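1. Could you look at this predicted model? Sequence included:
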Amino acid sequence: MRTNRVYDTKDLWTKDRDHFVHPWTDFSSFKEKGSMVLAESEGAYVYDSEGNKFLDGIGGLWCVNIGYGSNEIAEAIADQARLMPYYSSFGHHTTPPAAELSWKLAQLAPGPLNHVFYGTGGSMGNDTAIRIIHFYFNRLGKPTKKKIISRVDAYHGSTYLAMSLTGVEFDHQGFDLAPDLVHYIPAPNPYRAPSGMSDAEFLDKCVADLENKILELGPENVACFIAEPIMGAGGVIVPPEGYHKRTLEVCKKYEVLYLSDEVVTAFGRVGHFFASMDVFDHQPDIINTAKGLTSGYQPLSATMLSDEIYDVISVPQSEGAMFTHGFTYSGHPVCCAAALKNIEIMERDDIPGHIREVGPYLEERLDSLRDLPTVGDVRGKCFMMCVENVADKETKELLPAEVAIGDRIADACEARGVIVRPIAHLNVMSPPLILTREEIDIMVDALRESIIEVTDGLTREGYKLS
């Protein structure tokens, strides 16, 4: 919410620069530029410590789905903190919010995904899913089924294991990965399909990529395939129609579990509480979700397990043996209370329905940018969108990395009071789900003006754009 509070921006900026190690920091410029201090928020807008207002075109980080400043969620958090701020969920203890949320998620999730394991973020949720999958196959007497198949440009988190699942090569620089555990197949990116290949042929190729990798590794060694319904941080890649359903069929053929990473796509971003079945017509064995589960008001992840998996892992291994996986904050009551209120608001206000109504308008407005010389592709679905900037629209050749066109466009948007996310040559939009058509116009108009400004500057610098 907005206040009349006066902030000491210089003091905050200095303390932050000197002591806060930020995620995804560019240390070549951070010590000089530091961070923008974002101090307050309301609706779809955030305000810096100087009072400047910005339309938040990225929803915090794909997550502030119901918008900022909800008194209802704030009160739910405060009420639960007063009643019981915390109790361990280890063994035979629970709290009312954890029990109620588990039941509610089982009602919302597709098919037999009736069992929930809680963490505090998407990375932790994906770690949990892999550990449980390995345990599941051990319990079935198939201990060699350990390898995971992921995709180039997939993003699944930043813990040691989750980053090994991630296929964005840029994110691996200087860090280690779990050796020989995760194997990657090409991204199902229609914009980068081989020249001359039809849509049907490209789909066949993408499905064959998965089957061939399973056969190469040996089905007896492959535990699961992990896939975002729409690839997020790797470029908002929407696979060809039928991709998820057909890759699921391949997985079933070889007894490979299908893990759907819905950390971004769940809770309304593409118009439904879950996208796997309602949008992409496939029933995964596990769904991992976080972000929009609480709209970012509290850190919480929920890894949804099928009845079949639960029935195997819940059988005691031996007398006195336990399911030895969990975290201090699994099922944290305050976080669960926030999620329950968030879901209540989304259902009451029909936020998924709002996205189904206005999402196509955002797609249409962004698609109008294709007339600009650097806009090679506009892709995504509903409130999960991306503009890909190129040097040559015919060959799809990129500008040199040092041009940093995505950053330039994002900076130009920021100067116009709109925040969009730069990822190398891409600009990503994932605004709060409460955005109106008028606010969509503000965001897209600012993006158009910014691309034109940056394009003019590149031309003056001698870059050829066509």
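-> Here it is on my side, so go on. Numbers count the residues shown, from 1 in each chain.
2. Could you pull up the residues touching L399?
-> With contact taken as Cβ atoms under 8 Å, 6 or more residues apart in numbering, L399 is in contact with T374, N389, V390, A391, I405, H425, L458, Y463. The way it works is simple: take the backbone N, C-alpha and C, and place the C-beta from them, glycine included.
3. Verify the stated contact: the third one with R370.
-> In this case it means V390. No: V390 is not in contact with R370 according to Cβ atoms under 8 Å; the separation is 11.5 Å.
4. Looking at the two, which one has more neighbours?
-> More crowded of V390 and R370, by other Cβ atoms under 10 Å: V390, with 21 against 12.
5. secondary structure element for the nearest residue to the more buried one once chain neighbours are set aside?
-> Nearest-residue entry for V390: G376, 3.5 Å, with adjacent residues in sequence omitted and distances by Cβ to Cβ, 6 or more residues apart in numbering. For G376, the host element (DSSP states H and E) is strand 375-381.
6. Got the domain ranges for the protein?
-> 9-66+351-460, 72-348 (automatic domain parsing).
7. Can you give me the buried ones in the one helix or strand N212 maps to?
-> Using DSSP H and E, N212 maps to helix 199-217. Buried positions in helix 199-217, judged by neighbour count with 16 or more other Cβ atoms under 10 Å: F202, L203, K205, C206, V207, D209, L210, E211, K213, I214, L217.
8. Could you give the separation of it from the chain centroid?
-> Remark: helix 199-217 is offset 24 Å from the chain centroid, using Cα atoms, centre = their mean, to the nearest Å.
9. The closest residue in space to S35 that isn't next to it in sequence and G196, how far apart?
-> Sequence neighbours aside, D16 is the residue nearest to S35 in space, at 5.3 Å (criterion: Cβ to Cβ, 6+ apart). Between D16 and G196 the computed distance is 51 Å (Cβ to Cβ, to the nearest Å).
10. Looking only at neighbour counts, state which of the two leads.
-> D16 (15 against 6).
11. in the helix or strand hosting the more buried one, what's buried?
-> With elements taken from DSSP H and E, the one containing D16 is helix 9-19. With burial defined by 16+ other Cβ under 10 Å, the residues of helix 9-19 counted as buried are W13.
12. pLDDT (mean, whole number) over that helix?
-> Averaged across helix 9-19, the pLDDT comes to 97.
13. now stretch 225-239
-> 98.
14. Equivalent analysis for stretch 305-314, please.
-> Rounded to a whole number, the mean pLDDT of stretch 305-314 is 98.
15. ok, now stretch 335-343?
-> 98.
16. what do you get for stretch 408-416?
-> Average pLDDT, stretch 408-416: 98.
17. Other residues contacting that stretch?
-> Contacts for stretch 408-416 (Cβ under 8 Å, 6+ apart): 54, 57, 389, 419-422, 427, 446-447, 449-451, 453-454, 457.
18. 10 Å - rerun?
-> Outside stretch 408-416, the residues that touch it by Cβ atoms under 10 Å, 6 or more residues apart in numbering are 36, 52, 54-55, 57-58, 374, 387, 389, 404, 418-423, 425-429, 442-443, 445-455, 457-458.
19. How much space separates I405 from E216?
-> Distance, I405 to E216, using Cβ to Cβ: 37 Å.
20. So A302 belongs to a strand, correct?
-> Yes: counting by DSSP: H, G, I helix; E, B strand; the rest coil, A302 is found in a strand.
21. Please name the nearest non-neighbouring residue to N189.
-> I237 (4.8 Å).
22. Pairing partners for the one you found in the sheet, please.
-> M231 (DSSP bridges).
23. In contact with Y329, which residues?
-> With contacts defined as Cβ under 10 Å, 6+ apart, the neighbours of Y329 are Y86, S88, S89, Y118, G119, T120, M124, P299, L300, C335.
24. again, only this time at 6 Å
-> Y329 is in contact with T120, counting by Cβ atoms under 6 Å, 6 or more residues apart in numbering.
25. what helix or strand is it on?
-> Applying DSSP H and E, one finds Y329 in no helix or strand.
26. Return the per-residue confidence for it.
-> 97.
27. Now for the residue nearest to V390, how many residues are close by?
-> Neighbours around G376, by other Cβ under 10 Å: 21.
28. Might you report the residue contacts of it?
-> G376 makes contact with E388, V390, K393, K396, according to Cβ under 6 Å, 6+ apart.
29. That one and G235, how far apart?
-> Distance, G376 to G235, by Cβ to Cβ: 12 Å.
30. Same question for D48.
-> D48 is 28 Å from G235, by Cβ to Cβ.
31. hmm, what's the outermost residue in this protein?
-> E319 (40.3 Å; Cα atoms, centre = their mean).
32. On the three-state scheme, that one is what?
-> The three-state assignment at E319 reads coil, by three-state DSSP.
33. what residue ranges in the stretch 251-400 of the chain score low on pLDDT?
-> Nowhere does the stretch 251-400 of the chain drop to pLDDT under 70.
34. Distance check, the residue sitting nearest the centre point of the chain against E364.
-> The centroid of the chain falls nearest to V264 when counting by Cα atoms, centre = their mean (3.2 Å). With distances taken as Cβ to Cβ, V264 is found 22 Å from E364.
35. Same check on N114?
-> Distance, N114 to E364, using Cβ to Cβ: 38 Å.
36. between these two, which one's more packed in?
-> Under the neighbour definition other Cβ under 10 Å, N114 and E364 were set side by side, and N114 has more, 16 against 12.
37. And the strands in the stretch 151-300 of the chain, which stretches?
-> Assigned by DSSP state E, counting those that start in this stretch, the strands in the stretch 151-300 of the chain fall at 182-185, 222-227, 257-261, 286-289.
38. most packed of these?
-> Mean neighbour count (mean count of other Cβ atoms under 10 Å) peaks for strand 286-289 among these, with a mean of 29.
39. and it, which strands flank it?
-> Strand 286-289 sits in its sheet next to strand 257-261 (parallel), strand 301-306 (antiparallel), going by DSSP bridges.
40. Could you dump the ones you listed into CSV and include distance to R139?
-> Shown next, in CSV, are the strands paired with strand 286-289 (distance: least, Cβ to Cβ, whole Å):
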stretch, distance to R139
strand 257-261, 13
strand 301-306, 13
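41. out of these, which comes closest to Y68?
-> Y68 lies closest, by Cβ to Cβ, to one member of the strands paired with strand 286-289: strand 301-306, at 21.1 Å.
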